[in-house]
Structure formats: C-alpha cells, structure tokens
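Trainee: dropping a prediction and its sequence here:
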Amino acid sequence: VKLNKVNPKDIDPMDKAIVAIYTMIQPRRSGSVSLLTLSDRRTRLSKQYNYVLMKNKTPVKLVYLKYKTDKVYGKVIVKIPRDLRKVLKEYINVMGLKAGNPLFMDSKGNYHGNFSKRVTQAFGKYVKDKRITVNLLRHSFISDYLKKNTSVADKKRVARLCGNSLGVMMLYDKKSNTKK
C-alpha cells in the first residue's frame, strides 16, 4: 500500500482517530464504532449505544452493548491500549467532546448515518491506489491473525472482540487460503 505524502499538521483529527481505532485494535463493524459515545461512568449505560469509558479525562475502555451479534455474545469490553488512548484523548480534547457526545459526530453533532463511508473517506485521504473499507480492514486483520499459531481459546477471544463466532472467523481463513 502506498501512502500519500501529508504534512502531519494537515491531518484531520477525526481522520487520525478513525484510522487509529481501526488499526490499533481489533476492527469492529462500522455500525458498532459509529455508536461509540463518551461516558464518564456516572451515567447508566443504555443498550442502544456503545461507549468510550473515561477516567480522569482519558479514554480507558470501549464497551460494546449494541452490535450485530450482541444477542449472542452480550457486552464486550476492550481495554484501550496506551497508543490508542493517546490518539483518542487528543482527538476528544481538540473536538471539545463531553460525556454523552458521540465519539464520531457528523457536521450537525449527530451520530453518522453512513459511518462506513466516513471510514473509507478517512483512509482514502492518506492511502494511494487502494480503496480501504471497514470490511477490508476486518478481513485483513482476521486473515493475518489466523496465520499465527494460536490456541483455540485465543482464537475464540479474538473472534468475540471482533463480534464474530469462531466459525465465522475461520471462514476468513478458508477464504485467504483459497486465494493463494
């Protein structure tokens, strides 16, 4: 993949946060990420949204309550790694976001109606010659992960973090093996 030359000062803060959330942890479906809402832990979490839990104005965990397979897998909690925490904290501060705000707002301050398109646009500004979509990111992550020798328990854990069953995740392995 070839990258466009960009002055770091010209990178849109939301683009940086979107690229980070899709490359620094297991990528979730766009519908799950689009519903991320800031929470200071003082408010009750609604099952209609997903949350970025804040501690001392720093994002520490992602809580997924509303996603495609939530009826099967229930609540999924992802600890935010230090590098992603830094990017998200900077983005939240620059954008002036507060508890209750969507993490990724549209121009009117609402949740994005087509967040998948917004993700593709964010990557498109910085990547040449390749259309990067949420599905491509998810498939690439899972295919690369499955190339490693890992235990069944670890595969189940990663499948759950991605919002998939182990069986669905293993289909990615079959797809990547047939393309060789």
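Mentor: That came in fine, so what should we check first?

Trainee: confidence score at residue 178?
Mentor: Note on residue 178: pLDDT of 53.

Trainee: contacting residues for residue 84?
Mentor: Applying Cβ atoms under 8 Å, 6 or more residues apart in numbering to residue 84 gives the contacts 20-21, 24-25. No exception for glycine: its C-beta is placed from N, CA and C like everyone else's.

Trainee: and the two most separated of those?
Mentor: 20 and 25 (8.7 Å; Cβ to Cβ).

Trainee: before we move on, the earlier item: just among the contacts of residue 84, which is most surrounded?
Mentor: Using other Cβ atoms under 10 Å as the neighbour test, these are led by residue 21, with 23 neighbours.

Trainee: need the nearest residue in space to it, chain neighbours excluded.
Mentor: residue 33 (6.3 Å; Cβ to Cβ, 6 or more residues apart in numbering).

Trainee: ok, that neighbour touching residue 115?
Mentor: Yes - taking Cβ atoms under 8 Å as the definition, residue 33 is a contact partner of residue 115 at 6.5 Å.

Trainee: so what sits against both of the two?
Mentor: In contact with both residue 33 and residue 115: residue 104, using Cβ under 8 Å, 6+ apart.

Trainee: where exactly do the helices run in the chain?
Mentor: 13-23, 30-34, 70-73, 82-95, 115-124, 134-146, 152-162, 166-178 (DSSP state H).
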